[in-house]
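A.B. asks: Structure here, sequence nowhere to be found:
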Ligand SMILES: Cc1cc2nc3c(=O)[nH]c(=O)nc-3n(C[C@H](O)[C@H](O)[C@H](O)COP(=O)(O)O)c2cc1C
């Protein structure tokens, strides 16, 4: 176990990862995405039901059409690839637990992309148009949109973020 001052690589990646919303005009290899999706798929899930599903959107025209479904359109347009993330209702056993599992897979995806030198952001705002996303991608209703992850080569890594002090987050200790 890492002792204080010698952070593990996992903790370092968790802390260093930032939401990236500006990308270089550079392509990303499919094999990198497959590595990241493989890491995503190693998330825990209730009964190990693995309810997550992913779409890969590379074509500019499709990215532009997805961009039209959110106010974060600039982020989606400029990403190298968009990954709509779904919950497959057919493998679902408990909706809340399945949403949690897809969330865990999504965080794995973000962390893996970061580890592989890419940047990404979790776009939830597009959920208001979940039905239109399904229609556009011609996917069946059994897939419930959970987010769209926009990924690419980061244009910079200047973005900062903050977190509440952990002591404020502990609501019970005995
Ligand atoms: C459920 C969820 C929905 C989010 N939706 C959006 C979004 O629609 N647009 C966006 O730019 N960022 C979105 N984010 C990213 C957050 O804004 C970001 O994670 C937060 O500000 C903390 O910044 P950090 O990721 O750099 O630590 C979302 C994150 C989560 C977990």
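C.D. replies: In hand now; what should we look at? This structure is a prediction, so every number in the text was calculated from the model and none was measured.

A.B. asks: Contact residues of this structure facing the ligand?
C.D. replies: Within the chain, the positions lying close to the ligand (CB under 6 Å from any ligand atom) are 18-19, 21, 72, 121-125, 161. In this view, the C-beta of every residue, glycine as well, is placed from N, C-alpha and C.

A.B. asks: switch to 5 Å and redo it
C.D. replies: 18-19, 72, 122-125, 161 (CB under 5 Å from any ligand atom).

A.B. asks: among those residues, who's most crowded?
C.D. replies: Tallying neighbours with other CB atoms under 10 Å puts residue 123 at the head of the residues of the chain next to the ligand, with 26 neighbours.

A.B. asks: Which residue ranges of this protein form helices?
C.D. replies: 9-16, 30-41, 60-67, 73-78, 95-115, 130-137 (DSSP state H).

A.B. asks: Name the residues of the fifth one that are buried.
C.D. replies: Residues 98, 100-106, 108-115 are the ones in helix 95-115 that count as buried (16 or more other CB atoms under 10 Å).

A.B. asks: Buried residues, stretch 33-45. List them.
C.D. replies: 33, 36-37, 39-40, 43, 45.

A.B. asks: Can you tell me the closest non-neighbouring residue to the residue of the chain found nearest the ligand?
C.D. replies: Residue of the chain nearest the ligand, by CB to the nearest ligand atom: residue 124 (2.8 Å). Leaving aside its chain neighbours, residue 124 sits nearest to residue 147 (5.4 Å; criterion: CB to CB, 6 or more residues apart in numbering).

A.B. asks: what's the answer for residue 156, then?
C.D. replies: residue 22 (6.6 Å).
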